[in-house]
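Novice: show me the folded form of this:
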Amino acid sequence: MKNPAIKLTNPVHFFATGFGAGLLPFAPGTWGTVVAIPIYFLMQMLPLYFYGPLIVLFFGVGVWICDITMRDLGVYDHPSIVWDEVVGYLLTMIIAPVSIIWAIVGFALFRLFDIWKPWPINLVDEKLQNGLGIMLDDVLAAIYAAFTLELIVWLKTFLVTKI
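Specialist: Now for the predicted structure:
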């Protein structure tokens, strides 16, 4: 999906498109989430008191870069804007166990909630047509995904210890 308004030489567009992943011709949000996986494996080595604020920083920067890129494209939440998926996945995985399996489960859960957009995610997506809205709906999807992931981890631990 080549969009002439996107210029990867522009750092704002470069980050908003997930280092260009959002320009791939199909499933750009999924590719944006894929980009987040190696970032997660690098960040998971950080203590929570660094990991958490880094996500907050990525969110704040994301509001700004998504808003600028949205205005440059003239389209709210254009599919090529995937920085929100990067941040959403990182938030999903904030307290998850570290392994490839849990990274895949977190990926699937985040994509599920990001695509499904249950309440109140759908309201945010409809009402906030700006950079904050682009970022916030994915943060809410990440919260749903993180809680679901932690429930699965807890159930696995509970069932294994009871058997």
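Novice: how far is the least confident helix or strand in the chain by mean pLDDT from where the chain is centred?
Specialist: None of the helices or strands of the chain scores lower by mean pLDDT, DSSP states H and E than helix 121-127, at a mean of 89. Here the centre of helix 121-127 is set off from its chain's centre by 16 Å, with Cα atoms, centre = their mean, to the nearest Å.
Novice: likewise stretch 63-83?
Specialist: Computed by Cα atoms, centre = their mean, the chain-centroid distance of stretch 63-83 equals 14 Å.
Novice: average pLDDT across the lengthiest helix in the chain?
Specialist: Across the chain, the helix with the greatest residue count (assigned by DSSP state H) is helix 131-162. Averaging the model's pLDDT scores along helix 131-162 yields 93.
Novice: list the buried residues of that helix.
Specialist: Buried positions in helix 131-162, judged by neighbour count with 16 or more other Cβ atoms under 10 Å: 131-142, 144-146, 148-149. For glycine as for every other residue, the C-beta is placed from the backbone atoms N, C-alpha and C.
Novice: which residues touch the helix or strand containing P38?
Specialist: For P38, the host element (DSSP states H and E) is helix 28-43. With Cβ atoms under 8 Å, 6 or more residues apart in numbering as the test, helix 28-43 has contacts from 1, 17-19, 21-22, 24, 51, 54, 79-80, 82-90, 93, 98, 103, 107, 110-111, 114-115.
Novice: how far off helix 28-43 does the helix or strand just after that helix point, in degrees?
Specialist: For helix 28-43, the following helix or strand on the C-terminal side (DSSP H and E) is helix 48-73. Taking axes from the mean of the first three to the mean of the last three Cα atoms, to 10 degrees, one finds helix 48-73 and helix 28-43 inclined to each other by 150 degrees.
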